[in-house]
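Undergrad: Sequence plus the predicted model coming up.
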Protein chains: 2
Amino acid sequence: MNKSFWSPGLEKLEPYTPGEQANSKNLVKLNTNENPYPASPEALSLLAQGDFADALRRYPDPESCELRAAIAERYDLNDNQIFVGNGSDEVLALSFYSFFRRSDPLLFPDITYSFYPVYCQLFDIEPRTIPLRADFTLAVEDFAGNAGGIIIPNPNAPTGRYLPLDQIEELLRLQSEQVVIIDEAYIDFGGESATRLIDQHPNLLVIHTLSKSYALAGLRLGFAMGQKHLIEGLLRAKNSFNSYPIDAIAQQVATAAIRDSAWHADNCGKVIATRQRSEEALQELGFQVVSSKANFILAKPPEPGAETLYLALRERNILVRYFNKPRISEYLRISIGTDDEMDQLIRNCKEILASQS
Amino acid sequence: MNKSFWSPGLEKLEPYTPGEQANSKNLVKLNTNENPYPASPEALSLLAQGDFADALRRYPDPESCELRAAIAERYDLNDNQIFVGNGSDEVLALSFYSFFRRSDPLLFPDITYSFYPVYCQLFDIEPRTIPLRADFTLAVEDFAGNAGGIIIPNPNAPTGRYLPLDQIEELLRLQSEQVVIIDEAYIDFGGESATRLIDQHPNLLVIHTLSKSYALAGLRLGFAMGQKHLIEGLLRAKNSFNSYPIDAIAQQVATAAIRDSAWHADNCGKVIATRQRSEEALQELGFQVVSSKANFILAKPPEPGAETLYLALRERNILVRYFNKPRISEYLRISIGTDDEMDQLIRNCKEILASQS
């Protein structure tokens, strides 16, 4: 490979590795935290009904005004407190650029979304990882001290652990001079959003996605919410990178999805109920289950252990996520599927564990 | 505005200003180089026919394999010589990051796509602008000397001037140690693509978009073509920024559009014919017209001049682009619309010029 044309430093980047997007139709796919149910029919039916020739011929609204208004209404915020991007990954990348390129290091938990250290490399930000406690809980006081910013997912990924709002507020006060990003990709599955703290905390940015609780991972839509001065910072970076990140179809589909709050509440309720059933079933099989408020479960299987079980499930066309990383290499992360998919998982785990004992 | 939370340098960015996306339905919109005709029916009919529930529920193919294969086939290249992004603006941004962050300055023409200097600010790249000749032609020898890279649009924007392939090849040899990007957003309206030089030139990256000749500005799809080592560099940056930039719908629609080469040839032919008619009509009104191979015309109107005419057209619901910038402040950039739209433009120009004389 001829790397002589690359910018210095490009070779040192270690890109994010997404969960496998397998093609087989017969897979039980519980490895990328997708929603097991189809998205809001209000959103999906737009595609069949709409006449998109003119919308596609023209550049889309660069400011996604209608979509931002729908989000603002949903969270009782102003339109100028909303920033939308091409998936929450893009929103995160632009946030790292806009707020975290500082002389002090960026703090985040040692077990967390593995894209964070990648953004740090991309934008030359010094990361400092703060160890979670042994039970994967986060202690706010561990995040004191010099910092150029803080980012935590809540619930955390891949642990599923949830930090209550009073502790988020403590963190916002502890680091009141730094931007604190709460990455709420999984908040709708039982947690309470920090959005209601926005008006009191000028350093709070909350990031959401339509990929999980809205069943629209394929649409690529994420958004950030915070006081206007933070949103203005993001807009400045975005308009220096890509003026039109949200295509015309995605703007319409996302707007309809956000407005269909009845579908959303129902969907989250179903996922939560299946999670509770699945936690109990896994515990019965001898798994140690980390208490989750997300649409996945981190669980430590009994002997022969996580990696062997992961591979054996894969043989049986069931995909879960295995991270060969410190502290979590004995765990599997299992996305919540339909009840039927979870039954298949449980049944196969039972068989594999029985055959190995 | 509280900027204390912004990363240092963010305040100094001067973001790109896109052409106005006006909402009124009665506008003759000739200001953002959109295609006046609806996109390929093969592409558009997908939306009405498709069942996208499952495609949207899951993450899209992060590598856009099918789309890349269609592009490779269209240009007689290998799949690993194709990189796709969320509009050519994203492709450009990632290219600047991947190849141009060097100690020597990046060279580009003094009159060109105004996003280039913005990317330079974003990624701390030193720009050096090379003056075009008085008639807006580009002389390859002016691009000799120390450089960390070269980027030129061909045809150039907003001049419409086209550089023949033998001169592109001269430039590739002149700066054979630097990446040379040929931004071919407008190449399909009468120019010859540099893609056929890719196999001989390891420093050549060619960038295309579906926003112009494919009538899909609203879809946000651009792509880069070059030897594998350049594409690998782009992938490394992309996978450190956003793993899934192309949504599931856009992948399918773009693939169908690329494959419909008959529609594409027909569409480009119509735009070219209208451009020729329009050039002649403008010249008859006393405009000085710069020879164009793009889907727009840069032209210098007679008295009372460009800005006055721009404002008077705007009053009459006809939008063209006026740049209040050195060297081109006496010109208007007029996108090629339908024959009917161009007739309206010409008729209104005639009336305005008559009333002012």
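TA: Great, that's in hand. Residues are numbered from 1 along each chain as shown, chains lettered A, B, ... in the order given.
Undergrad: Wait, residue A:19 touches residue A:29, no?
TA: No - judged on C-beta atoms under 8 Å, residue A:19 makes no contact with residue A:29 at a distance of 9.0 Å. The way it works is simple: take the backbone N, C-alpha and C, and place the C-beta from them, glycine included.
Undergrad: any shared contact partners between these two?
TA: Residues touching both residue A:19 and residue A:29 (C-beta atoms under 8 Å, 6 or more residues apart in numbering or on different chains): residue A:319.
Undergrad: Helix or strand with the lowest mean pLDDT in chain A?
TA: Least confident element among the helices and strands of chain A, by mean pLDDT, DSSP states H and E: helix A:41-49 (a mean of 92).
Undergrad: what angle do that helix and helix B:41-49 make?
TA: With axes from the mean of the first three to the mean of the last three C-alpha atoms, to 10 degrees applied, the angle from helix A:41-49 to helix B:41-49 works out at 150 degrees.
Undergrad: What residues of the helix or strand that comes right after helix A:41-49 count as buried?
TA: Using DSSP states H and E, the helix or strand that follows helix A:41-49 in sequence is helix A:53-57. Neighbour-count burial for helix A:53-57, counted by 16 or more other C-beta atoms under 10 Å in any protein chain shown, picks out A:53, A:55-57.
Undergrad: all strands for the stretch 151-300 of chain A, in order.
TA: A:180-183, A:204-209, A:222-226, A:288-289, A:296-300 (DSSP state E, counting those that start in this stretch).
Undergrad: what's the most buried one of those strands?
TA: Comparing the strands of the stretch 151-300 of chain A by mean neighbour count (mean count of other C-beta atoms under 10 Å in any protein chain shown), strand A:180-183 ranks first with a mean of 28.
Undergrad: is chain B contacted by it?
TA: No - Strand A:180-183 stays clear of chain B (C-beta under 8 Å from any C-beta of the partner chain), getting no nearer than 10.0 Å.
Undergrad: ok, back up a step: mind checking which of the strands of the stretch 151-300 of chain A is nearest residue B:157?
TA: Of all the strands of the stretch 151-300 of chain A, it is strand A:222-226 that lies closest to residue B:157, at 30.9 Å by C-beta to C-beta.
Undergrad: pLDDT (mean, whole number) over that closest one?
TA: What strand A:222-226 shows for mean pLDDT is 98.
Undergrad: So which elements touch that strand?
TA: The helices and strands touching strand A:222-226, judged by 3 or more C-beta pairs under 8 Å, 6 or more residues apart in numbering or on different chains; DSSP states H and E, are helix A:65-75, strand A:82-85, helix A:87-99, strand A:204-209, helix A:228-238.
Undergrad: got CSV for those, with distance to chain B too?
TA: Output for those, formatted as CSV (distance: least, C-beta to the nearest C-beta, whole Å):
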stretch, distance to chain B
helix A:65-75, 10
strand A:82-85, 9
helix A:87-99, 5
strand A:204-209, 9
helix A:228-238, 4
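Undergrad: JSON lines for these, including distance to residue B:2?
TA: Formatted as JSON lines, the helices and strands packed on strand A:222-226 follow (distance: least, C-beta to C-beta, whole Å):
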{"stretch": "helix A:65-75", "distance to residue B:2": "20"}
{"stretch": "strand A:82-85", "distance to residue B:2": "16"}
{"stretch": "helix A:87-99", "distance to residue B:2": "12"}
{"stretch": "strand A:204-209", "distance to residue B:2": "13"}
{"stretch": "helix A:228-238", "distance to residue B:2": "4"}
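Undergrad: Give me the contact list for the helix or strand encompassing residue A:119.
TA: Using DSSP H and E, residue A:119 sits in helix A:116-122. Under the criterion C-beta under 8 Å, 6+ apart, residues A:12-16, A:92-93, A:96, A:100, A:106, A:108, A:125-127, A:151, B:237, B:240-241 lie in contact with helix A:116-122.
Undergrad: ok, residue A:194 - how many residues close by?
TA: Other residues near residue A:194 come to 23 when the count uses other C-beta atoms under 10 Å in any protein chain shown.
Undergrad: what's the distance between it and chain B?
TA: Separation of residue A:194 from chain B (C-beta to the nearest C-beta, to the nearest Å): 16 Å.
Undergrad: now residue A:347
TA: Taking C-beta to the nearest C-beta, one finds residue A:347 at 23 Å from chain B.
Undergrad: Dump stretch A:174-187 to PDB, restricted to CA.
TA: This file holds the C-alpha atoms of stretch A:174-187, laid out as PDB (Å, rounded to 0.1, in the frame of the first residue of the first chain):
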ATOM      1  CA  LEU A 174     -18.800  19.700  39.100                       C
ATOM      2  CA  GLN A 175     -17.500  20.600  35.600                       C
ATOM      3  CA  SER A 176     -19.600  23.800  35.000                       C
ATOM      4  CA  GLU A 177     -16.800  25.400  32.900                       C
ATOM      5  CA  GLN A 178     -16.700  22.400  30.500                       C
ATOM      6  CA  VAL A 179     -19.100  21.100  27.900                       C
ATOM      7  CA  VAL A 180     -20.700  17.900  29.200                       C
ATOM      8  CA  ILE A 181     -22.200  15.700  26.500                       C
ATOM      9  CA  ILE A 182     -24.800  13.200  27.600                       C
ATOM     10  CA  ASP A 183     -25.100  10.700  24.700                       C
ATOM     11  CA  GLU A 184     -28.700   9.500  25.100                       C
ATOM     12  CA  ALA A 185     -28.800   7.000  22.200                       C
ATOM     13  CA  TYR A 186     -30.600   4.500  24.600                       C
ATOM     14  CA  ILE A 187     -32.500   6.800  26.900                       C
END
